[in-house]
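>>> Next input, structure requested:
(chains A, B, C and D)
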Number of protein chains: 2
Amino acid sequence: MMFRSHVMNSIAEIPLALRAAYLALHRQSDAAFSEHGVTADQFVLLETLAKGEALTQRDLALRMPSDPSTVRAMLVLLEERGLVRRAPHPTDGRARTAALTAAGQRTFRELWDAGESIRTQAVSELTADDAKALVRILRKVATSLTDGDAVLAKRKQRVS
Amino acid sequence: MMFRSHVMNSIAEIPLALRAAYLALHRQSDAAFSEHGVTADQFVLLETLAKGEALTQRDLALRMPSDPSTVRAMLVLLEERGLVRRAPHPTDGRARTAALTAAGQRTFRELWDAGESIRTQAVSELTADDAKALVRILRKVATSLTDGDAVLAKRKQRVS
DNA sequence: TATTGTTATACTCTATAACTATA
DNA sequence: TATAGTTATAGAGTATAACAATA
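Now for the predicted structure:
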């Protein structure tokens, strides 16, 4: 099997390497955030809100990235905990904006600080160049995989 | 907020970049494998079995990496579908080994081929050096984050 | 007509804790 | 005593499809 060859192709190794690194990060984050009662994915939502101003749920879903119905379920959980507030969109009657409450901002800052040791640990064996290269390459990978949807959709359109 | 500074620290960007790339890969994989009725995570399990010989559930959990009870739930699903077979361990009466059935091997090869276009797409904007660097750096990140558990456990032990 | 959000629904993965059997 | 696996249980995220309200 090509796969078990000794001349291992690095391309073939990317998926599992990516998965292992992400899951390690995710689990460390879940553990670190659990005392605040927030999951790693909820942290990502809070971080996205902390970066942008009040976003519509649709924008939030696009940036996380996640599914709108998933984002809604997460928002409901976070709203119950008082970390997030939703309000009608000022001009678009269909839309609702989501934003951090004061408590949400405070919690986010605590979580960001709690995550600092994880980020430090993640790069502990990396040079500064490695860290920069990692972000650059990951961005390209994500873009290529995401843009592929558009390419395929276009191809599908052309066929039909 | 440090976070919104224009001199963005690449270390701070790693978690979200890693997440975005992984989720893009995960979703593409789920979509590609769905016609075979297999999830991206189940594919990882099959791949792990395809690489090693019959593994105990514990070893499988360690390598994926995942939780033993999660692995068991996945194995039950895959066993029902006839892709995996469990058998008593030859020498350890507590343990059970898991291995691909003939159908599982066939399905795995089909899935591997179906995944080829995803891997190609993932690296479409990368040089060969980028791909090699990515795997190297991701491995370091995963190791640093995983070994941290041991470090923390040791520190905890020392304290108590 | 298309878009935003909601709702209902279902499934997978995840993980803890208590338990049995074996080492 | 420690380890391998099972079971029960719970929760979170994921995503689809049908729907209402609005653009």
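
>>> of all of chain A, which residue lies closest to DNA strand D?
residue A:93 (2.5 Å; C-beta to the nearest atom of the strand). All C-beta atoms are positioned from the backbone trio N, CA, C, and that covers glycine.

>>> count of residues packed around that residue?
The burial count assigned to residue A:93 is 8, neighbours taken as other C-beta atoms under 10 Å in any protein chain shown.

>>> Residue A:114 contacts residue A:32, doesn't it?
Yes - with contact defined as C-beta atoms under 8 Å, residue A:114 reaches residue A:32; the gap is 5.0 Å.

>>> Show me where chain A has its strands.
For chain A, strands defined by DSSP state E occupy the ranges A:55-56, A:84-88, A:96-100.

>>> Give me the contact list for the first one.
Right, strand A:55-56. A:48, A:49, A:63, A:89, A:92, A:95, A:96, A:97, A:98, A:99 (C-beta atoms under 8 Å, 6 or more residues apart in numbering or on different chains).

>>> If we ignore the residues flanking it in sequence, what's nearest the last one?
What it means is residue A:99. What sits nearest to residue A:99 in space, not counting adjacent residues and going by C-beta to C-beta, 6 or more residues apart in numbering or on different chains, is residue A:54, at 4.1 Å.

>>> any idea how far that neighbour lies from residue A:100?
Per C-beta to C-beta, to the nearest Å, residue A:54 is found 9 Å from residue A:100.

>>> The two: which is more packed in?
The neighbour count for residue A:54 versus residue A:100, taken as other C-beta under 10 Å, is higher for residue A:100 (20 against 17).

>>> Show me what that one is bridged to.
Counting by DSSP bridges, residue A:100 forms beta bridges with residue A:84.

>>> For it, list the residues it contacts.
By C-beta under 8 Å, 6+ apart, the neighbours of residue A:100 are A:46, A:49, A:50, A:83, A:84, A:85, A:108.

>>> Just give me the neighbour total for the first one.
By the criterion of other C-beta under 10 Å, residue A:46 has 24 neighbours.
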